[in-house]
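**Q** quick one, structure for this:
(one chain, ligands or ions: 1)
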Amino acid sequence: MVKVTILGASGGVGQPLSLLLKLNKHITELALYDIKPVEGISKDLSHINTNSECTGFKDSEIGEALHGSDIVLIPAGVPRRPGMSRDDLFKINAKIVKSLVGATGKFAPDARILIISNPVNSMVPIAVETLKMMGKFQAGKVMGVTMLDLVRAETFLVDFLGLQDSSKKKGLDKGAMDKNITVIGGHSGNTIVPLFLNREFSDALGSQHYGEFIHRVQFGGDEIVKAKNGEGSATLSMALAGYKFTEEILKSIVHEKSQVATIPAFVYLPGVLNGKKVQDKLGKDLEYFALPVNLTNGCVTSVDDKILDHLSSKETQLVKVAVSELIVNIEKGKKFVLGAAKL
Ligand code: ADP
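**A** Here you go, the predicted model:
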């Protein structure tokens with residue numbers, strides 16, 4: 001029996017994410033919640049011939065939507081539009097995430113909480129601090145979903161290799177490139193650090209394409225904001241990435257998969273076994289970082305810190321830039337909760 005709740009299920013990410021989750025055989029109950037009506041969406045999904053029960057909950061029914069939930073996904077918020085500053089986005093989404101995480105702490109205190117709302121680098125600290133203040137924080141249960149960066153890295157890497165030599169693209173499976181590349185750090189711009197697990201591929205790119213590839217992964221979201229021309233940001237690819245991440249959590253809960261660090265997530269370092277090791281390597285002030293995670297029962301127990309011992313000089317430089325930006329983003333999130341508490 002696994003119950004999954006989506007907070008923000010009517011949105012551009014929420015709807016396709018709900019559809020993908022409806023197809024997962026491990027889920028028995030799918031609860032959709034949004035401040036916008038979700039009845040139509042839940043009714044529509046409930047006609048799909050998979051065995052999970054799909055129910056929509058109104059604005060006032062958040063307690064029921066969350067009650068007994070094992071996994072809570074939060075894509076709620078506003079998407080980034082052209083002309084909108086990151087600060088505008090921060091202020092709106094910070095309030096939404098704080099209130100939804102507060103409700104989760106109250107009604108589903110044991111749930112794993114997957115944060116999709118942006119900016120993830122600040123929203124995850126908001127979630128953790130909110131739960132800490134309620135006395136409900138459980139280490140390893142709050143995860144920032146950075147999976148879209150890995151999905152993009154896998155796609156763009158094969159495309160760039162194809163530009164070099166079209167025969168190289170043949171036989172490469174975009175969906176299986178996570179053996180060759182991962183993405184660590186944070187989930188916006190310069191904080192996103194693609195890491196090559198297989199040097200053959202970075203060498204094959206050459207220095208010019210390497211730089212272009214890194215930039216495309218870091219700023220891939222902007223391509224979508226521009227192409228959607230005022231209608232929002234990544235929704236379908238984000239939903240797929242959120243689903244892929246949730247699928248791993250589900251596999252871990254139902255013990256279909258043993259502990260192996262493959263997917264990255266943005267986590268609170270002092271809350272994981274070897275988090276201190278990561279801080280020793282990257283900086284004592286750094287409280288959050290995305291690395292491939294080890295999962296037990298759908299919770300993060302440790303991260304792959306060894307990956308940090310084999311960085312190239314370019315990757316070392318990228319990590320350094322990411323860490324300094326992350327510290328600012330994290331502080332901003334923490335202040336939003338702790339500053340408000342002091343008032
Ligand atoms: P995105 O493209 O990021 O999914 P949308 O605006 O399409 O952005 O979707 C965000 C969803 O979050 C909307 O359906 C909106 O109603 C929902 N939402 C906003 N605030 C809340 C809230 N406090 N609780 C639940 N859902 C919310």
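**Q** so P16 touches L236, yeah?
**A** Yes: contact status for P16 versus L236: in contact at 5.6 Å, counting by CB atoms under 8 Å. Where C-beta positions appear, they are placed from N, C-alpha and C, glycine not excepted.
**Q** quick one: which of the two has more around it?
**A** Neighbours were counted for P16 and for L236 using other CB atoms under 10 Å; P16 has more, 18 against 13.
**Q** how many neighbouring residues does the nearest residue in space to that one that is not next to it in sequence have?
**A** In space, and not counting its chain neighbours, P16 is closest to A239: 3.7 Å by CB to CB, 6 or more residues apart in numbering. Residue neighbour count, defined by other CB under 10 Å, stands at 24 for A239.
**Q** residues making contact with the helix or strand where A239 lies?
**A** Using DSSP states H and E, A239 sits within helix 236-253. Residues from elsewhere that reach helix 236-253 (CB atoms under 8 Å, 6 or more residues apart in numbering): 2, 4, 13, 15-17, 19-21, 24, 26-27, 70-71, 73, 75, 112, 114, 116, 143, 145, 147-148, 150-152, 224, 256-257, 259, 262-263, 265, 295-298.
**Q** now it: buried residues?
**A** Residues 237-253 are the ones in helix 236-253 that count as buried (16 or more other CB atoms under 10 Å).
**Q** quick check: the gap between the residue nearest to L17 when sequence neighbours are not counted and P75.
**A** Leaving aside its chain neighbours, L17 sits nearest to A239 (4.1 Å; criterion: CB to CB, 6+ apart). To P75, A239 is 8 Å away according to CB to CB, to the nearest Å.
**Q** pull up the overlap in contacts between the two.
**A** 13, 17.
**Q** how about the contacts made by the residue most central in space within the chain?
**A** Taking CA atoms, centre = their mean, the centroid of the chain lies closest to V145, which sits 0.8 Å from it. The contact partners of V145, by CB under 8 Å, 6+ apart, come to 114-116, 120, 187, 241-242, 245, 265-266.
**Q** same question for F219.
**A** For F219, the contact set (CB under 8 Å, 6+ apart) comprises G189.
**Q** show me what counts as buried in the helix or strand harbouring N294.
**A** Using DSSP H and E, N294 falls within strand 288-296. By 16+ other CB under 10 Å, the buried positions in strand 288-296 come out as 288-295.
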